[in-house]
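>>> Please work out how this folds:
(one chain, ligands or ions: 1)
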Amino acid sequence: MTTFPISLSVDWSPASQVSDLSNSEHDWLFESHSLTAKLKSHSQSFSVKVLSEQVFDLSIQQQKLLNCTLTSALNREVLLLCDDKPMVYAQSWLPDNLLLKQSKNPLHNMGERPLGDVIFQDPELVRKNIEIARFNSIHPLQQLVSQLNLPKQTLLGRRSVFSLQSYNFLVCEVFLPGAYLYS
Ligand SMILES: C=C(O[C@@H]1C=C(C(=O)O)C=C[C@H]1O)C(=O)O
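Purely as a prediction, here's the structure:
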């Protein structure tokens, strides 16, 4: 049984160090706008299934990535489905501090609404560099792949830090077997 959060601590590489990508892989991995919008444009129906949403401690690496001294964040793990087929596993780390709650931060209590539908509405949104990683057939994420009755294969993922209202949050997305990216 998958336990959350699923560890995504693999070798993340900056775009400059990533090679041997197909045109489709490159197109999806380096999509700078909303992945939700891109998935919606390729499907008749789109939905989000929340797998887990809890406050967890941030790792030292995550604190460095987020450039913050916060020790915990709201960890949100979801599946993005197109025409009822799971296409992406997404894991986001949303700062969880009193200030955000006081500001009635729209990113809290998102439920089945896609994060992208909210954050990309804000013209102040800044996306920092996209990093890429490969998840081999023995990575813990493959447990979720098996539970979804999807075939095991090396998976491609991306992560980036966003800045909004002077705070940072981390979004990681792993493309599941059968995702458009692999076609
Ligand atoms: C950041 C985006 O939001 C998407 C939706 C997410 C969610 O609802 O938790 C998480 C990651 C993204 O795949 C996007 O659309 O690009």
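>>> And whichever residue of the chain sits closest to the ligand, its phi and psi?
Residue of the chain nearest the ligand, by CB to the nearest ligand atom: G116 (1.9 Å). Every residue, glycine included, has its C-beta placed from N, CA and C. Note on G116: backbone dihedrals following degrees, to the nearest 10 are phi -60, psi -30.
>>> mind checking how far it is from F162?
Using CB to CB, to the nearest Å, one gets 10 Å for the distance from G116 to F162.
>>> cool, H26 as well?
Distance of H26 to F162, computed by CB to CB: 21 Å.
>>> Between these two, point out the one with more neighbours.
Neighbour totals were compared for H26 and F162, and F162 leads with 21 against 14 (other CB atoms under 10 Å).
>>> how about that one, what does it touch?
Going by CB atoms under 8 Å, 6 or more residues apart in numbering, F162 touches 119, 125-128, 168-171.
>>> at 10 Å what do you get?
66, 92, 94, 107, 115, 119-120, 122, 125-128, 168-171 (CB atoms under 10 Å, 6 or more residues apart in numbering).
>>> any residues in contact with both of G116 and F162?
Common neighbours of G116 and F162, counting by CB under 10 Å, 6+ apart, are V171.
>>> where's the nearest residue to L181 once chain neighbours are set aside, which helix or strand?
Spatial nearest neighbour of L181, excluding adjacent residues (CB to CB, 6 or more residues apart in numbering): W28 at 3.8 Å. W28 belongs to helix 23-29 when assigned by DSSP states H and E.
>>> Identify each buried residue in that helix, please.
Buried residues in helix 23-29, counted by 16 or more other CB atoms under 10 Å: 25, 28-29.
>>> Give the rounded mean pLDDT of that helix.
For helix 23-29, the mean per-residue pLDDT is 97.
>>> Which element is encountered next along the chain beyond it?
Following helix 23-29 in sequence order, the next helix or strand is helix 35-41 (DSSP H and E).
>>> same for that following helix, what does it pack against?
Judged by 3 or more CB pairs under 10 Å, 6 or more residues apart in numbering; DSSP states H and E, helix 35-41 is in contact with helix 23-29, strand 46-57, strand 72-82, strand 85-95, helix 115-119, strand 167-175.
>>> returning to that earlier point: is there any residue in the helix holding W28 that contacts the ligand?
No: using CB under 6 Å from any ligand atom, helix 23-29 never reaches the ligand; the gap is at least 11.1 Å.
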